[in-house]
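Chemist: Here is a sequence with its predicted model. Questions after.
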Amino acid sequence: MKDNRPDEDMARNIISDEINNVQVNPSVIKQNGCAACHILFTLVDRLQLNEADASDLLTEVLSTDPNLNDNFIEMVENIHMKQRMMGVPFSIKTRQAKNRFIESNFKNFLFELSSDLVTYGTDVVIRKLLIASIALTIAQNIGIDYHAATEELYYYLRKNDQQTNDEIVKFLDNIYKKAKKT
């Protein structure tokens, strides 16, 4: 981030105030929007930052203020899981149980990717990561769950098989070319 960035204290106050606003009135998050994005774009608007700088600032503030980070996570969970009835079994677990669950999924995912790497090679692993990333972006951008976004993406990929395959191959070629340069 640039040296002329807004003071972290100002960002901390905005984040804290907005978390409180959302907790008092969850309807400030429009049309089933994302609670985390609401905070991010509040920083963008109020501090006149671009999205990347605001994201960096949000990460810095949350990583240096454990209490604010906990409040942020609680707000996101409350909006996305409890109020919208998504992931209720997860949302009612203790923080330690949530962390164990996430750690288990994290390790399982890395194990699956490692297995795919050995069995199928680098291209398949990169394609899998690419598809997952695209599906996640779609889910975030249109406000649907990851599974639905993945299904929509696979439908699109099947309908445009040659075009999308060509684009993925071109992307992979660019990755390999850049990797050889470093």
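Modeler: Looks like it arrived, so ask away.
Chemist: residue contacts, Pro50?
Modeler: One correction, residue 50 is Asn, not Pro. For Asn50, the contact set (CB atoms under 8 Å, 6 or more residues apart in numbering) comprises Val44. Bear in mind the C-beta positions are built from the backbone N, C-alpha and C, glycine included.
Chemist: again, but for Ile131
Modeler: Counted by CB under 8 Å, 6+ apart, Ile131 has contacts Thr150, Leu153, Leu157.
Chemist: let's see it at 6 Å
Modeler: By CB atoms under 6 Å, 6 or more residues apart in numbering, the contact list for Ile131 is empty.
Chemist: how about the lowest-mean-pLDDT helix or strand in the chain as PDB, C-alpha atoms only?
Modeler: When the helices and strands of the chain are compared on mean pLDDT, DSSP states H and E, helix 88-91 comes out lowest with a mean of 75. Output in PDB follows, covering the C-alpha atoms of helix 88-91 (Å, rounded to 0.1, in the frame of the first residue of the first chain):
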ATOM      1  CA  VAL A  88     -26.600 -22.800  10.700                       C
ATOM      2  CA  PRO A  89     -24.900 -25.900  12.100                       C
ATOM      3  CA  PHE A  90     -21.500 -24.200  11.500                       C
ATOM      4  CA  SER A  91     -22.500 -20.900  12.900                       C
END
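Chemist: Would you indicate which residues of stretch 154-172 are buried?
Modeler: For stretch 154-172, burial by neighbour count (16 or more other CB atoms under 10 Å) applies to Ile168.
Chemist: Please read the previous query as pertaining to stretch 70-86.
Modeler: Burial within stretch 70-86, assessed by neighbour count using 16+ other CB under 10 Å, is assigned to Asn71, Phe72, Met75, Val76, Glu77, Asn78, Ile79, His80, Met81.
Chemist: likewise stretch 13-21?
Modeler: Ile14, Ile15, Ser16, Glu18, Ile19, Asn21.
Chemist: What lies in contact with that stretch?
Modeler: Stretch 13-21 is contacted by residues Val28, Ile39, Thr42, Arg46, Val61, Asn71, Met75 when judged by CB under 6 Å, 6+ apart.
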